[in-house]
Each structure stands twice: as structure tokens, then as C-alpha cells.
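1. any chance you could fold what I've pasted below:
(one chain, ligands or ions: 2)
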Amino acid sequence: MATRYSEQVQAFLARPHRLLVNGEWVPSSDTEEIPVLDPATGQIITRVAGAGARDVDLAVTAAHEALEDGPWRRMSARDRARLLQRLAGLVAEHAEEFAELEAIDAGKPLVAARSFDVEFSLRHLEYYAGWPTKIAGQTLPVAVPGVAVRTERVPVGVAGQIIPWNFPLLMAAWKLSPALAAGCTVVLKPSELTPLSALRLGELICEAGFPPGVVNIVPGTGPLAGAAIVEHPLVRKIAFTGSTAVGTSIAAAAAQTMKRVTLELGGKSPLLVFDDADQPAAVETALAAAFANAGQNCSAGSRLYVQEGVFEEFLTAFTARVTDFQLGHGLDEGVTMGPLISARQRDRVTGYITAAERSGARLLTGGADTPAGTDPAGFFVRPTVVTDVPQDAPIVQQEVFGPVVVALPFTDEADALAKADDTVYGLAAGVCTRDIGRANRVTARLRAGSVYVNTYGHSDAAAPYGGFKQSGLGRELGAENLDAYLETRTVWTSLS
Ligand code: NAI
Ligand code: MG
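-> Ligands and ions are numbered 1, 2, ... in the order given. Alright, predicted model coming up:
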């Protein structure tokens, strides 16, 4: 197996994988090593040090000192921008290596890792590299005589960033870029399931010349390393992406020390296909919405609502396209869908399929059995289309986070909107229609942070991203994300 890997990746896998604390790679002080699996084969490809509370304390202390006393604090905005640019350049130089690491650690088709994960990581770094020199306060026309009043925009402090396994490098770049642009220092915890690309990024962060302690990287489990970050009194801000259950507990814990919090949580996003839509185009939109990244995507369009007159016809065309996916190892030619991240995630997902079948659902394609032609030791699930389920079924209400889409009919606009809104989530939503009036009416009523018209699933460094309802708190990306890493200081100066 190892011989399939490029020389760079083999060399990286063979290096010891430690924690990045204060600019040095240090062993973990009190925890076991974490095995790193290739989810397409179930094989252990390497091991990484797992951080415990003591390691997190060292990392947070380093980040705190780097913020208070180090060269980072005195660095000009221009030099901070240059460091981010230099990092982007190094990631671009190593793009192929990153794509391969994502393919083997997260189970992604190489083409997708290259064109999405690595490409968008670069875009985030480049976009925020432009920001340090544009962050500015204001002078204010207050009614008080004899004073000058101005605001300063200052870094909020040490940022604790906890990221998931579905887009490991992308989430690291997505979280690090705005924090560093704002002048914060960071303790980043990658998911214990996918630590490799963040560790490689850490090597490039050192190479780029970021001062020690500005970025600390501590792979480890949620309950140990994650919780220690959330509880640490010197951490002033938490940025989390993951499940709504963990996000809820993080918000509660962070409130104890009044940490600023942004949360990007789950979704159960609807795509509404009206009978006047361009049907073949809507089929492709629905396909990408539901199955990108094998459905392990917080904004996945996992509820497909189709207007009743075209429902059966649409589903026939859609199902035919779903069977086109080529499942397999991400490094194999022609593969368009990889495995799920873990045996646990596979079992969760197939559990939803089995439960729906048991309560009378109809499977248009797919199922809970191991897909033909895939490694049975890998964590593959067949792309699955489920229908004939009640709106209150778990598979309609809960985030499945796998290649499973529920297709249900609706009657009219009001019915479509009522069904779209009928979950606790509000991350994304889409509408396919040729009627501009309808597109605008429906868009204005969808309770979702990202709304797509005749397309689905885009994100961009310049475009705010986040959830309504229980899909999260605050916005990431765009200029808004900088606010999450800045405090405003209002300075009053007597003119006498
Ligand atoms: P998770 O929410 O447990 O993991 C996400 C991150 O949070 C990981 O880095 C994990 O180590 C950390 N974490 C876990 N418990 C923590 C705690 N108590 N304190 C601090 N950090 C903690 O997600 P998991 O269990 O891997 O997946 C379960 C479900 O969560 C998925 O099926 C999916 O529905 C959802 N999910 C949503 C994601 C999204 O992008 N919105 C990403 C990953 C999972
Ligand atoms: Mg892995």
C-alpha cells in the first residue's frame, strides 16, 4: 500500500508526528498516540501524538506569551500580511502533497481534494492575507465637548480553534486565516480522525517564519484536548465546527469565562425543485448538493423536495445519475466517491437507512449493504435515495452526514416553505425554478445562512457563511469573520 504514496508523503508519514507548541515539535506529555487510519482500507497509516490538558496548557501559554510579548505584537500589518502570503505560497508549492494527504487520511477522491480542499484553502489564505492592512478604527462625532474619541480594533486574544474531519486542511485554513489577519494567536485542534494535513501545514507555518507561539497545533480527542481548550482561562475566543451536540456543550462551557464563540454546526438542508425548473439542470444541482464529499458536508442538500406533478419523473432521472458514482480509494483513477470517515460514521449512516426501511421507506437506489467492488475493510456506504417517509422520521429530521438523500413531494410554495423550515437546522437551502418572482419570494422566506437559486453549495472566502437556528452562531468568512477575532476599544482623549 505504502508504495502507492508519493515520496514526499512517504517521507512525511515516516516522520514522528508531534505537537506544535511555541514553534517546536514536542512530544505529548500525558496521552497515548492516536492511530491514523486510511478510511478506504481501514489500515493504520501512521500514528500521531495526542495532546492532553497539560499540553494544551503549554500551547495556550505559548500563544498568550506570543500575543503579549513576542514580535507578533509589534509586527506591522504589512508584515503580517506578508507572512500569510508566504504561507499561501508554500501551500501552493505543496498542493499535490496536501491533496494526497487528504485522499489517504480523509478518504477523498484525489481530484476533489485537489480542486476543492486544497484550492479553497489557498483562496482563504490569500483572501485574508489582504486584510491586515485594511483593519482600521474610526473617529467619532460625539456630543461631549473637549474630547477626541476614536475606536481601535484590537485582537481578541488567544483563539482556540476546534475543527472537524470532513474538510481537514480547508477547515484549518478557514479558521487560521481570519484569526491571524486580525492579529490573534491560535491553538488549533484538528480532528483526531484527520490530523495529518494540519500537521503538515504546521511545518509550513514554521517555514514561512511565523514567530514561535503564534500558531500552536495540538491533535487530540475532543473530551481531552478539545475540552481543555474550551475551559482554559487564557483562551479568549472559541471557533468550532462540528456537531450541534458538541457545539451546544462548548457554548455552555465557554460562557463560564465569557469567551467569544463562533459555532458552525450541523444542517439538514432542503433543496426545493419546482415544476417549472429546468429539470435536467436541477437533477445535476440535486446530485452535487446531496453527494459532494460523500454527503459528509454540513451544508449538504440532504432533503430533496420536488413538486408533486414532476416528482416521479424527476426521481427517475435523479436516481439514474446517482448510480453513476464510482466508489473506491481516492488515489484510484476514476473514483468519484470515497468512503465515510470511520466505522462509527458508516454504522451511524447505515443505521438511518435500516431504520427507515424497517418503518416502510422505499429505497430508490442504495442501501445499507457494503458496496460491490470496494474494500470490505474500508468504510464505504452506497449512495442512497430514500422516499415514502413521514416528515417527522429521524432520516428527515436529523443530520445523517453520509451519502443519503431523502426525496419527498410538495404541493405548492407554501407547502414547500413549511417543509423546508421544519427541522431545528438552518444552514443552507436551495430553490430551483425559472420563475423570478417565485425565486425571490421563496428566497426571502428561507431561514438559512446560505441560500442558493438554481445552483447549490458554493462557498467563497469573501462570502459570509454560517447558520440560522441550531445550525450555529455567528458568521465565518468574508469581512464579518474578522469581527469574531477583534475587540473594539473606544479611546477618549481630553483636548485640554
Ligand atoms: P464532533 O462534533 O464530535 O467533532 C468535531 C470536533 O470537535 C473534533 O475535533 C472533536 O475532537 C471535537 N470535540 C468533540 N467533543 C468535544 C468536546 N467535548 N469539547 C471540545 N471539542 C470536542 O463530531 P463527530 O462525532 O466526529 O461526528 C458526529 C456528527 O457530527 C456527524 O455525523 C455530523 O452529523 C456532525 N458533524 C458536523 C460537522 C460539520 O461540518 N458541521 C463536522 C463533523 C461532524
Ligand atoms: Mg484518517
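
2. would you point out which residue is most central in this structure?
-> Centroid-nearest residue in the chain, with Cα atoms, centre = their mean: M171, separated by 4.9 Å.

3. quick check on that one: phi, psi?
-> Main-chain torsions, M171, degrees, to the nearest 10: phi -70, psi -30.

4. also the one 4 residues further on?
-> Comment: the main-chain dihedrals of K175 come out as phi -90, psi -40, following degrees, to the nearest 10.

5. isn't it up against I238?
-> No: K175 lies out of contact with I238 (Cβ atoms under 8 Å); the separation is 10.6 Å. No exception for glycine: its C-beta is placed from N, CA and C like everyone else's.

6. now the helices for the stretch 201-350 of the chain?
-> Here the stretch 201-350 of the chain has its helices, by DSSP state H, counting those that start in this stretch, at 227-231, 244-255, 279-291, 311-322, 343-358.

7. now tabulate these in a markdown table and tack on mean pLDDT.
-> Listed next are those as a markdown table, based on pLDDT from 0 to 100:
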| stretch | mean pLDDT |
| --- | --- |
| helix 227-231 | 98 |
| helix 244-255 | 96 |
| helix 279-291 | 98 |
| helix 311-322 | 98 |
| helix 343-358 | 98 |
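
8. so which of those is the most packed in?
-> Counting by mean count of other Cβ atoms under 10 Å, helix 227-231 has the highest mean neighbour count of these, with a mean of 23.

9. check R4 and give its pLDDT.
-> According to the prediction, R4 has pLDDT 86.

10. likewise for T31?
-> 77.

11. would you mind naming what in the stretch 301-450 of the chain lies close to ligand 1?
-> 345, 348, 399, 401 (Cβ under 6 Å from any ligand atom).

12. what distance do you get for the third one to ligand 2?
-> Taking Cβ to the ion, to the nearest Å as the criterion, E399 is separated from ligand 2 by 21 Å.

13. out of everything not next to it in sequence, what's closest to that residue?
-> G266 (4.1 Å; Cβ to Cβ, 6 or more residues apart in numbering).

14. do T262 as well
-> Nearest non-adjacent residue to T262, counting by Cβ to Cβ, 6+ apart: G474, 3.7 Å away.

15. and that neighbour, backbone torsions?
-> phi 80, psi 180.

16. still on that earlier bit, how close does the residue nearest to the centre of the chain get to ligand 2?
-> Counting by Cβ to the ion, the gap from M171 to ligand 2 is 14 Å.

17. ok, A66 next?
-> From A66 across to ligand 2, the span is 30 Å (Cβ to the ion).

18. likewise A208?
-> Separation of A208 from ligand 2 (Cβ to the ion): 25 Å.

19. so that residue sits right up against V91, yeah?
-> No: between A208 and V91 there is no contact under Cβ under 8 Å: 9.4 Å.

20. let me see the domain layout of the protein.
-> 2-265+471-491, 270-460 (automatic domain parsing).

21. quick one, what contacts the residue in the stretch 351-496 of the chain that ligand 1 sits nearest to?
-> Closest to ligand 1 within the stretch 351-496 of the chain is F401: 3.5 Å, counting by Cβ to the nearest ligand atom. Contact partners of F401, counting by Cβ atoms under 8 Å, 6 or more residues apart in numbering, are 166, 266, 295-297, 300, 345, 348-349.

22. recalculate using a threshold of 6 Å.
-> Q296 (Cβ atoms under 6 Å, 6 or more residues apart in numbering).

23. could you do D105 as well?
-> 194, 196.

24. distance of it relative to A277?
-> Here the criterion is Cβ to Cβ, to the nearest Å. By it, D105 lies 38 Å from A277.

25. now swap in A14 and tell me
-> 52 Å.

26. look at these two and report which has more neighbours.
-> Ranked by neighbour count (other Cβ atoms under 10 Å), A14 and A277 place A277 first, with 24 against 9.

27. and the helices in the stretch 1-150 of the chain?
-> Using DSSP H, counting those that start in this stretch, helices in the stretch 1-150 of the chain cover 7-14, 53-68, 71-74, 77-93, 95-106, 110-112, 119-129.

28. okay, those, which one's buried deepest?
-> Taking mean count of other Cβ under 10 Å, helix 95-106 is the most buried of those, at a mean of 25.

29. that helix to helix 7-14, inter-axis angle?
-> Interaxial angle of helix 95-106 relative to helix 7-14 (axes from the mean of the first three to the mean of the last three Cα atoms, to 10 degrees): 50 degrees.

30. got the CA coordinates for helix 95-106 in CSV?
-> Taking C-alpha atoms only, helix 95-106 is exported to CSV below (Å, rounded to 0.1, in the frame of the first residue of the first chain):
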residue,chain,number,x,y,z
ALA,A,95,-0.6,21.4,-3.3
GLU,A,96,-0.2,17.8,-4.7
GLU,A,97,1.2,16.6,-1.4
PHE,A,98,-1.8,18.1,0.5
ALA,A,99,-4.3,16.6,-1.9
GLU,A,100,-2.7,13.2,-1.4
LEU,A,101,-2.7,13.5,2.4
GLU,A,102,-6.4,14.4,2.3
ALA,A,103,-7.1,11.5,0.0
ILE,A,104,-5.5,9.0,2.3
ASP,A,105,-6.4,10.5,5.7
ALA,A,106,-10.0,11.6,4.9
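
31. ramachandran coordinates for Y452?
-> According to degrees, to the nearest 10, Y452 has phi -120, psi 130.

32. ok, now which ones touch it?
-> Counted by Cβ under 6 Å, 6+ apart, Y452 has contacts G430.

33. now do A51
-> Residues counted as contacts of A51 (Cβ under 6 Å, 6+ apart) are 19, 28, 218, 220, 225.

34. out of the residues you listed, who's the most crowded?
-> Busiest of those [other Cβ under 10 Å] is V218, holding 32 neighbours.
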